[in-house]
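1. generate coordinates for the sequence data below:
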Amino acid sequence: MKHSILFFVIVATLLVSCKDEVLPKPNAMLRLDYPAAEYALANSDCVYTFEQNTLSNIKENKDCSLVLDYPMMNGSIFLTYKKVDGNIRELLIDAQKLTYEHVVKADNIAPKEYINPSENVYGMFYEVSGNAASQSQFYVTDSINHFVTGSLYFYAKPNYDSILPAAMYLQNDIRKIMESLRWKK
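-> As a prediction, this is how the structure comes out:
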């Protein structure tokens, strides 16, 4: 009798506790679509020009340092200009040091060399993956007179999976900046 009461209590408990049918959740991913990039010549008084995405707003600071703000993506590309005055080695070391400061949080830093001898533009693009503060860094120079560094930052706590679509979109814009950059004569 004790066994049949115990069995009845266990079966009743299982039947009462399992009212809702458990269904597996379907696979889903957040889809962030951005419009196709359209580029126009950046309007600034700096010693260099480039094509900027029309989705960005340009803010010119002193010494030809610029900020390309992307309100739709809550991020910005920061450009810093420095005059080369016999200090190209120091400028290159500083640019590389800035990139590799992210190695603490980054999963990987992939450098890609950029060379455009016809326009006298040489540089390096760094794709940073992982929860680093910046997802991309770059520099370009003519090695004699001009040096420009750039960094991509989002105005949010770094979460690589969440910002990846926006980071990829803006990395394409950085490549366009590098490819279209010209030194004014």
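2. the longest helix anywhere in the chain - what's its average pLDDT?
-> With DSSP state H setting the assignment, residue counts place helix 160-180 as the longest helix in the chain. Helix 160-180 comes out with an average pLDDT of 89.
3. and stretch 123-143, by the same measure?
-> Per-residue pLDDT values over stretch 123-143 give a mean of 88.
4. quick one, helices of the chain?
-> Read by DSSP H, the chain holds these helices, from start to end of the chain: 2-17, 88-100, 160-180.
5. give me the number of residues near Arg175?
-> When neighbours are counted by other CB atoms under 10 Å, Arg175 registers 15. For glycine as for every other residue, the C-beta is placed from the backbone atoms N, C-alpha and C.
6. in contact with it, which residues?
-> Neighbouring residues of Arg175 by CB atoms under 8 Å, 6 or more residues apart in numbering: Phe125.
7. ok, Ala167 next?
-> By CB under 8 Å, 6+ apart, the residues touching Ala167 are 135-136, 152, 154, 160.
8. list just the nearest of the residues you listed to Gly86.
-> Distance from Gly86 was checked for each of these by CB to CB. The minimum falls on Ser136, at 28.8 Å.
9. now the closest one: how far from Glu90?
-> Going from Ser136 to Glu90 by CB to CB, to the nearest Å gives 23 Å.
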